[in-house]
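Colleague: Return atomic coordinates for the entry below.
(3 chains)
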Amino acid sequence: MMKQKDRITTTQMAIYVSTHMTALGILTLPRVVTATTQTPDGWISVLLSGLVINLFAIVLVKLCQRFPQESFYQYNPKIIGKWFGILLSFSLITYFILLGSFEIRGMAEVTHLYLLPRTPFMATIIPFICLGVYLTVGGINPLVRLFEVLFTPSILIFIIVILLSLKTFEPNNIRPVLGQGILPVIKGMQPTALALTGPETMLVVFSFMKEPQKGIKAITLGIATPLFFYIMTTIFTLGSLGVAGVQTKTWPVLSLFRQFEYTGIIFERFETFMLAIWILQIFTTFVTCLYVSALGFSQIFKKEIKPFIFGLAPFMYVISLSPKNINDFFHLGDFLGYVGIAFIIVVPSIMIIIAMLRGKKHVPAS
Amino acid sequence: MKGSQKNSTNKGENTNKTEEKPQQAKSQHVTDDIHTNIEQIKQNIGHNTDVIFRSFQLGTTKLKAAIVYVDGLVDKDLIQDQILKSMIYDLSSIYSEEQLSDHDHLKDWVNNNVISVSDVKEEKSFDNVITSILTGSTALLIDNINTIFILGTTSYKTRSIEEPITESLVRGPREGFNESLADNRALLRRGLPDPALTMLEYEMGVRSKKKLLLVYMEGITNPDLLMIVKKRLEKFDLDLALESGYIEQFIQDDHFSLFPQVQSTERPDRVIAALTEGRVAILLDGTPFALIAPVTFSMMLQSPEDYYERWIPGSLIRLLRYFAAFITVFVPSIYVSFISFHQGLIPTKLAISIAATREGVPFPSLIEALLMETAIEVLREAGLRLPRPVGQTVGLVGGLVVGEAAVKAGIVSPIMVIIVAITAISSFAIPQYSAGIALRMLRFGAMICAGIWGLYGVILFFLLLAIHMCKLKSFGVPYISPAAPYRLRDWKDFIFRFPLLIMKKRPQMMRTLDDKRQKGNS
Amino acid sequence: MFQLLKIFLVCCSLFIISGCWDSKDIEELAMEVGAALDKTNAPISSLDQGYRKKNIIKMTLQNISPKSSPQSDKGGQQQKYENVTGSGDSILEIFREISLKKDVPPYGAHLKILVIGEKLVKEKNLQILLALFDRTFEVRDSCIILIAKGSAAQTLKLATDVPAFTLVGIEKNRYRSVKMLPAIRLGKVMSNMADHANFIIQSTSTKKRKVKFNGGAIIKGNTNRLIGFLNEDEVAGLNFITGEIKGGIITGRDPKTHGLISYEISSVKSKIIPHLDGEHISFDVNIESEGRLNEEHVHAGNAFANKFLKRAEMAIKKEVEHLVHQSLNKLQKKYQIDVAGFNEQMRIQFPKEWLQLEKDWDKRFSQAPIKSHVSITIRDYMIKGKKEISD
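Modeller: Numbers count the residues shown, from 1 in each chain, chains lettered A, B, ... in the order given. Okay, the predicted model is just below:
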């Protein structure tokens, strides 16, 4: 019945982008933003940079819409020539591999800290990667279907748990709004980079869209949902922990849920729920990274995708174990954030200009 | 009628196909001579004592005739009153010998004027004749005629239509399928006297030669779906098709999956509802279990009663079942992970009381849980197989006495007994037996994962389950639809059942040819 | 595919064989529900001769382990808890020390209450003391902190079922008294200290295995040390300034008859309005309260006349103003410290100027004039229908 194989709907695309975006960044976002702003206005920074990203993501979609049936790996040689194109493709692939490994490592770190303090990383990471491989060999359709399944419960649980944290919320902590003027807010936009990476997968998966003309709608929805989460999280974390408190916590968002407990219900403590949906979100990001990078290899070498998936999985495992300590790990995160932003802002803008100048466009039925 | 037309044409094709395979060498055609014909039949099945040969003469003529049938499969009254009597007595008083001696007209004449049986066929191939005799028809052989009349006299004892045992409802029709295909077919026809209701007949099993009906709604069911089902049915290649389970295992998508990908049901109302949703049903002779395909996971947790009750209680009960399914799979594992890994996540006072009850239990919680869950599975199985009164006793003795004694002896903690009981009861709240089994099996996987990784293991197991379900398809329909891909229209009948008034369209996931369920406003 | 499956299965079985790294059944843990930290100078016991230490901190852990809570059928007045004491130079060291002496390891995830002795907080930086509790992720940030006047360990030896739970239970009675401070939790304490903010912690006194929550302990922000206490009345005044009152009784005297008037608070709203005029700082504190008359030792005949109500309101108002004044006096004059959230309001209303004011805020605060405006509304007098009879 599913005749249109490997096609995904607009809703699926939006969910894909948003689940890819929500990952490791959300747990550290309030800290990194507030550390730069030093005011309670971090959430405005998040909002602003979200809007900026959305703006450039639209440019990105415009670029993709010039080549609706092809992925970035396939069309970039047409724009900037074969060798530059392949170079760019490889850098995008490398970025995704690193991002995927980074996410796994982050997952392992948090699990190690909160759930399994004595279990070796190997034992947490390997089954995680195995599940990822099991999913990705099924292709893009099971992938997005899984994202859809996880999406609704994640949102519900997130909203419930974050509302529960109202118990320790102090409005004074997020006042005054823009007390120090707009400057700290602008400064605070820079460290949001990692949290806002995600739309760049659009470069690759756009080619799967059933209705490419609705790309802008998909990406706007896809960015708006995590942005909403980010802003909520930042406000509630700041409101509960205060500007100074947020900066002292490695994972401020999880600390937020450790501030309160509700006695009398079956559950007293709610960080577990947050952690559970967060692990699921990390999984989705990891899986997209794995899939998109394997897809890159398969499209460049024009081979089946499966061997690349199997090959990349152990590779990502090794990379994920390479950061020596938590500082190394966060440095890698910062770096990836900037690269991701480059792929959202710089690359598509330049490409679309070149494409327009050279008049490159997908010729239908060629 | 469309149905019957298709019926005959298709049957022709199919029987031809099955006929080619066995006993090709012996395949002979019927001759003029009645003796050779009888001999031929005798050679094949004559050694069986239940095959009755009865020779006689037509009326007062010297024309020889014979009937062959299997004792017990035929309606003897019918044969005596309508065939033997009319051929031996009534003929002589009406017709002259001359008329009967005209061989060319004899055939038509016998057919048109003598045999007062509704179902008559002419057959020239011995293989078919023998098959027909063995399935309860009576063969009528007449000298000088080179065909054999096959008279539909099949009549055997069937169970009356009773309430389905495996799917009983508080409110809803009390009739269920029985083992007779004719009865089952009639139940469907009676429930849905619509010309669009189409039944294609197949023959299943080289030796069992079971009749199978593929039922669908012409003009509603998606032709692509029909194609897939037909293709898979034709792939069936076994000498035996005892039960629809045989068919199910041949046509399902993923043989390694724990989840049933075809729904089996005893309830005609359920089949009819599925048909109008654009699904296909498969009925097999000799079993009360009809198959419905394609299915989705949500169907496993639905009961026809959801629709018979008003929508609010219906929805809430359905929600309860989702909850029960979750409990069945995850509660023991969550318990294990909390007790052995994340003691901090239990409310303090509960933690203290659990710790107190577990004091002295010699096993780690995982082993304790596995032991108890296995014990309850054994109990369930034992109770199922024993005669009903004894079965209940076993359940009681096992559940109460053994549980109590185990707690008293300090082998298991009372909380573990509670957890096991809750999961067991929840698993029985799932209306589909096969789905219940699947979930119960998964519970063990979840427990082992929890035993290794704690809560992280439970999350991993959940992911594994979700991934598997996302990859699974049943006849081209994603198993977890309408959860994914999102089809908001289908969400009206997913976790909640919306009022029938607003369920104006058929499920989107079935891609039906005719969307509307209601006549008027769209 | 099958190859991979095999490898996967092998991995799985490996995990199962070597796995369960973290598995530890609940009954094998000693659940800490309370902890007390004290200064000590006890001599080093002969058991601890094996290594060098100076014994600065004494820690008492209140454990509930199944071993110490036998099933009730064994009967007897056995304690449900067990106090374990250890001393050493740092808290982590004491924990490890306890592990050498007890078969079940202490488990901190259920730590509900942490009591710190007065002397210890005066000498040691609270931030350093609590760092361990904050950094190990076992102990939750929702653990309540108390300061004990005298010995903290004594608060865990109350004559109740489980003293730690008793303390938590008392903490929940805030809706019945104005003299109790809002519970301050570990996470909040750590945030405050990171912010170098002054704050006040509920303090307790213990005598003969009985406890009372009396007053508050003031912690100075930049040193994180205890500098003094507020008494119960001053705490009440402070609560009126911050508006952190859920209920309780205020007793005033009728100016005419000098009878007692009890006013039960149903709500308190307070607003601190900062004024900045160049360098000059001043504050207005608006306190609005609604409540009902609960008990009065004045002649009942005129209890329901509006005139009397006005008088009663005046009496209560006077009392509240007195409380507020008293505590402000102590904060401004004696301790010269702001724990009532005046700084917060200043920061919010004058964010730009705040950057300058922040540095010597406590000094500025102690010199700032503060005017309080109290308005009391009596809503209800608990006995209806007598109104006609009176007057």
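
Colleague: how about low-confidence regions in the chain?
Modeller: Since no chain was named, I'll use chain A. Per-residue confidence for chain A (pLDDT under 70) gives these ranges: A:1-5, A:360-366.

Colleague: oops, chain C please
Modeller: Residues of chain C that meet the cut-off, pLDDT under 70, sit at C:1-2, C:11-20, C:44-53, C:65-78, C:295-305, C:382-391.

Colleague: what do you get for the stretch 401-522 of chain B?
Modeller: For the stretch 401-522 of chain B, the ranges with pLDDT under 70 are B:520-522.

Colleague: Spell out, range by range, the helices that occur in it.
Modeller: B:403-408, B:414-428, B:433-453, B:455-471 (DSSP state H, counting those that start in this stretch).

Colleague: what residues does the stretch 251-366 of chain A put near chain C?
Modeller: A:S255, A:R258, A:Q259, A:F260, A:E261, A:R269, A:F310 (C-beta under 8 Å from any C-beta of the partner chain). Using the backbone N, CA and C atoms, a C-beta is placed for each residue, glycine as well.

Colleague: Point me to the helix or strand that includes residue 203.
Modeller: Going with chain A. Counting by DSSP states H and E, the element that carries A:L203 is helix A:202-205.

Colleague: Wait, chain C was what I had in mind.
Modeller: strand C:199-207.

Colleague: Can you give me the distance of the closest residue to C:Q202 other than its chain neighbours to chain A?
Modeller: If the residues on either side of it in the chain are set aside, C:Q202 comes closest to C:L181, at 4.5 Å by C-beta to C-beta, 6 or more residues apart in numbering or on different chains. Distance from C:L181 to chain A, counting by C-beta to the nearest C-beta, to the nearest Å: 15 Å.

Colleague: shouldn't C:L181 be in contact with C:N239?
Modeller: Yes: the criterion here is C-beta atoms under 8 Å, and C:L181 meets it with C:N239 at 7.0 Å.

Colleague: neighbour-wise, which of the two wins?
Modeller: C:N239 (28 against 25; other C-beta atoms under 10 Å in any protein chain shown).

Colleague: Now do whichever residue of the stretch 251-391 of chain C sits closest to chain A against A:G179, distance only.
Modeller: Nearest residue of the stretch 251-391 of chain C to chain A: C:P351, at 2.7 Å (C-beta to the nearest C-beta). Going from C:P351 to A:G179 by C-beta to C-beta, to the nearest Å gives 3 Å.

Colleague: what residues are shared contacts of these two?
Modeller: Common contacts of C:P351 and A:G179 (C-beta atoms under 8 Å, 6 or more residues apart in numbering or on different chains): A:T39.

Colleague: And the helices of the stretch 401-522 of chain B: which comes nearest chain C?
Modeller: Closest among these, using C-beta to the nearest C-beta: helix B:433-453, at 4.3 Å.

Colleague: what angle separates the closest one from helix B:414-428?
Modeller: 150 degrees (axes from the mean of the first three to the mean of the last three C-alpha atoms, to 10 degrees).

Colleague: Helix B:433-453 to helix B:455-471, inter-axis angle?
Modeller: Using the same axes, to 10 degrees: helix B:433-453 against helix B:455-471 is 140 degrees.

Colleague: CA atoms only: put the strand holding C:S203 into PDB for me.
Modeller: Extracted as PDB, the C-alpha positions of strand C:199-207 are listed here (Å, rounded to 0.1, in the frame of the first residue of the first chain):
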ATOM      1  CA  PHE C 199      20.200  34.400  54.000                       C
ATOM      2  CA  ILE C 200      18.500  33.100  57.100                       C
ATOM      3  CA  ILE C 201      18.000  29.500  58.100                       C
ATOM      4  CA  GLN C 202      15.500  28.200  60.600                       C
ATOM      5  CA  SER C 203      17.200  27.400  63.900                       C
ATOM      6  CA  THR C 204      16.200  24.900  66.500                       C
ATOM      7  CA  SER C 205      16.900  24.300  70.100                       C
ATOM      8  CA  THR C 206      16.800  21.000  71.900                       C
ATOM      9  CA  LYS C 207      16.400  20.300  75.500                       C
END
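
Colleague: Tell me which other helices or strands it touches.
Modeller: strand C:144-149, helix C:152-155, helix C:186-194, strand C:210-220 (3 or more C-beta pairs under 8 Å, 6 or more residues apart in numbering or on different chains; DSSP states H and E).

Colleague: in that strand, what counts as buried?
Modeller: Buried residues in strand C:199-207, counted by 16 or more other C-beta atoms under 10 Å in any protein chain shown: C:F199, C:I200, C:I201, C:Q202, C:S203, C:T204, C:S205, C:T206.

Colleague: what residues does it touch?
Modeller: So strand C:199-207 is contacted by C:115, C:118, C:145-151, C:154-155, C:157-158, C:167, C:171, C:180-181, C:183-184, C:189, C:192, C:211-219, C:221, C:229-230, C:238, C:339 (C-beta under 8 Å, 6+ apart).

Colleague: can you state the direction angle for it and strand C:144-149?
Modeller: Angle of strand C:199-207 versus strand C:144-149, following the same axes, to 10 degrees, is 60 degrees.

Colleague: and strand C:199-207, how far from the chain's centre?
Modeller: Remark: strand C:199-207 is offset 7 Å from the chain centroid, using C-alpha atoms, centre = their mean, to the nearest Å.

Colleague: Pull up the pairing partners for it, direction included.
Modeller: Its sheet considered, strand C:199-207 pairs with strand C:144-149 (parallel), strand C:210-220 (antiparallel) by DSSP bridges.

Colleague: so which of those is the most packed in?
Modeller: strand C:144-149 (a mean of 23; mean count of other C-beta atoms under 10 Å in any protein chain shown).

Colleague: got any ranges where chain B has weak pLDDT?
Modeller: For chain B, counting by pLDDT under 70, the residues that fall below are B:1-27, B:60, B:90-105, B:113, B:520-522.

Colleague: Please identify the buried residues of stretch A:171-188?
Modeller: Neighbour-count burial for stretch A:171-188 flags A:N173, A:I174, A:R175, A:P176, A:G179, A:Q180, A:P184, A:V185, A:G188 (criterion: 16+ other C-beta under 10 Å).

Colleague: With distance to C:K317 added, can I get the buried residues of strand C:199-207 in TSV?
Modeller: Output for the buried residues of strand C:199-207, formatted as TSV (distance: C-beta to C-beta, whole Å):
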residue	distance to C:K317
C:F199	29
C:I200	25
C:I201	29
C:Q202	27
C:S203	28
C:T204	31
C:S205	31
C:T206	35
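
Colleague: mind checking which helix or strand residue 293 is in?
Modeller: Just so you know, I chose chain A. According to DSSP H and E, A:S293 maps onto helix A:271-301.

Colleague: meant chain C, my bad for not saying
Modeller: strand C:280-296.

Colleague: Describe which strands that strand pairs with in its sheet and in which direction.
Modeller: strand C:260-277 (antiparallel), strand C:370-380 (parallel).

Colleague: Tell me the secondary structure at the residue lying closest to C:I91 once chain neighbours are set aside.
Modeller: Closest residue to C:I91 apart from its sequence neighbours, by C-beta to C-beta, 6+ apart: C:L132 at 4.6 Å. Classification of C:L132 using DSSP: H, G, I helix; E, B strand; the rest coil returns helix.

Colleague: And C:K318, by the same measure?
Modeller: Per three-state DSSP, C:K318 ends up helix.

Colleague: In the stretch 51-200 of chain B, what residue spans correspond to strands?
Modeller: B:51-57, B:64-70, B:120-123, B:138-142, B:148-151, B:197-204 (DSSP state E, counting those that start in this stretch).

Colleague: Adding distance to B:G344 and mean neighbour count as columns, could you present the ones you listed in TSV?
Modeller: Putting these into TSV (distance: least, C-beta to C-beta, whole Å; neighbours: other C-beta atoms under 10 Å in any protein chain shown) gives the following:
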stretch	distance to B:G344	mean neighbour count
strand B:51-57	78	15
strand B:64-70	74	22
strand B:120-123	78	16
strand B:138-142	79	25
strand B:148-151	78	24
strand B:197-204	58	22
